[in-house]
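Enquirer: dropping the sequence and predicted coords here.
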Amino acid sequence: MKDNVLGPVIVCPHCGYQYLPAEIYLPNSFLGKPEEILRENISGRIQDYFGTNMNLDERYMCDHCNQPFEIHAKIQFNTEGIDFNKPHKTMIKKQSLFLNED
């Protein structure tokens, strides 16, 4: 996977054809779908869950050269605390007088 101006792209290793991740990965399969999560009452630690786990590996047949290839995604989740006691700004979008006709 490479990053470019459009964000991360998946590149066919045979011909260089590019794909956006959403063209290949299905959201429920990629992120998993936990149905029931069992947690400790006080700490909130996950003890067990029922449902499907994340699937970061995918096989795909290139639309351009018809060659198969595999994709192995690596994702990372970063968290940081926010202190709402410190002064902060909330940006509010200016309301429009016109309605979109979409």
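Expert: Received it, and whenever you're ready, just let me know what you need. Residues are numbered from 1 along each chain as shown.
Enquirer: now do the helices in the chain.
Expert: Secondary structure of the chain, counting by DSSP state H: helices at 21-24, 27-31.
Enquirer: just the CA coordinates for the shortest one, please, in PDB.
Expert: Below are the C-alpha coordinates for helix 21-24, written out as PDB (Å, rounded to 0.1, in the frame of the first residue of the first chain):
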ATOM      1  CA  PRO A  21      -8.900   0.400  -0.200                       C
ATOM      2  CA  ALA A  22     -12.700   0.600  -0.300                       C
ATOM      3  CA  GLU A  23     -12.700  -0.900  -3.800                       C
ATOM      4  CA  ILE A  24     -11.300  -4.200  -2.400                       C
END
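Enquirer: what about it, average pLDDT?
Expert: Helix 21-24 shows a mean pLDDT of 93.
Enquirer: what of the last one?
Expert: Mean pLDDT, helix 27-31: 87.
Enquirer: contact partners of that helix?
Expert: 52, 54-56, 73 (CB atoms under 8 Å, 6 or more residues apart in numbering). The way it works is simple: take the backbone N, C-alpha and C, and place the C-beta from them, glycine included.
Enquirer: just the pLDDT for residue 79.
Expert: Residue 79 is assigned a pLDDT of 89 by the prediction.
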